[in-house]
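Student: What shape does this take:
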Amino acid sequence: NFDGCAPHLPDCDVYVCPSNLHVALVKDSFIPGISVAPQNCNFGGCGAYTGEMSADQIADMGMSTVLIGHSERRGEFGLPTPAESNELMATKLQYVLDKGMRCVFCIGEPLPVREKGIDAVREECVKQLEDIVPILKKLEDK
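Tutor: From the prediction side, this is the model:
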């Protein structure tokens, strides 16, 4: 229940980001001012991308925001699949923005970096943003 958040909603953006399995089930379950955003999307649109959701599909469900860059997608989940690179995150961000959507862009550090201290954390986070700086600068120019 998010009723206690209601007085603060004009001052911030609030998103609930359920799994893709649940996103359609809960997208209309919250009070106005609380939005639902899927946890990921692809970067190629609709097509034969098994297990992936496109920005078009997200928009068709009536949502306008997607979250990308989860730490586990960046390779910190220990899966034997390729990690999503900073370059791929920039590609996804550009795709989302080109579709007229908003993006919650996750950054962060894995535990081994955190254990090295704040300077290492800052360096890791800056690395994760470097590829999107040109995209953000284009937005500023509009």
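
Student: Please make it C-alpha for all contacts and neighbour counts, starting now.
Tutor: Noted.

Student: need the strands for the protein, in chain order.
Tutor: Counting by DSSP state E, the segments of the chain that form strands are 14-16, 34-36, 65-68, 102-105.

Student: is it true that Lys27 touches Leu21?
Tutor: No: in terms of Cα atoms under 8 Å, Lys27 does not count as a neighbour of Leu21; the distance is 11.5 Å.

Student: Adding mean neighbour count and distance to Pro82, write the strands of the chain out as TSV.
Tutor: Putting these into TSV (neighbours: other Cα atoms under 10 Å; distance: least, Cα to Cα, whole Å) gives the following:
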stretch	mean neighbour count	distance to Pro82
strand 14-16	16	27
strand 34-36	21	28
strand 65-68	23	16
strand 102-105	17	19
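
Student: So, low pLDDT: which residues of this structure?
Tutor: Across the chain, residues meeting the criterion (pLDDT under 70) sit at 1-3, 76-81.

Student: of Lys27 and Leu21, who's got more company?
Tutor: Comparing Lys27 with Leu21 by other Cα atoms under 10 Å, the one with more neighbours is Lys27, at 19 against 8.

Student: Could you pull up the residues touching that one?
Tutor: Applying Cα atoms under 8 Å, 6 or more residues apart in numbering to Lys27 gives the contacts 35-36, 63.

Student: wait, which of the strands of the chain is closest to Gly47?
Tutor: In terms of Cα to Cα, the element of those nearest to Gly47 is strand 65-68, at 18.4 Å.

Student: what does that closest one contact?
Tutor: Outside of strand 65-68, the residues within contact range by Cα under 8 Å, 6+ apart are 17, 36-41, 55, 58, 89, 92-93, 96, 101-106.

Student: out of the residues you listed, which are buried?
Tutor: Burial by neighbour count, 16 or more other Cα atoms under 10 Å: within the contacts of strand 65-68 this picks out 17, 36-41, 55, 58, 89, 92-93, 96, 101-105.

Student: Leaving out sequence neighbours, find the closest residue to Glu94.
Tutor: Careful, residue 94 is Gln and not Glu. Ile135 (6.9 Å; Cα to Cα, 6 or more residues apart in numbering).
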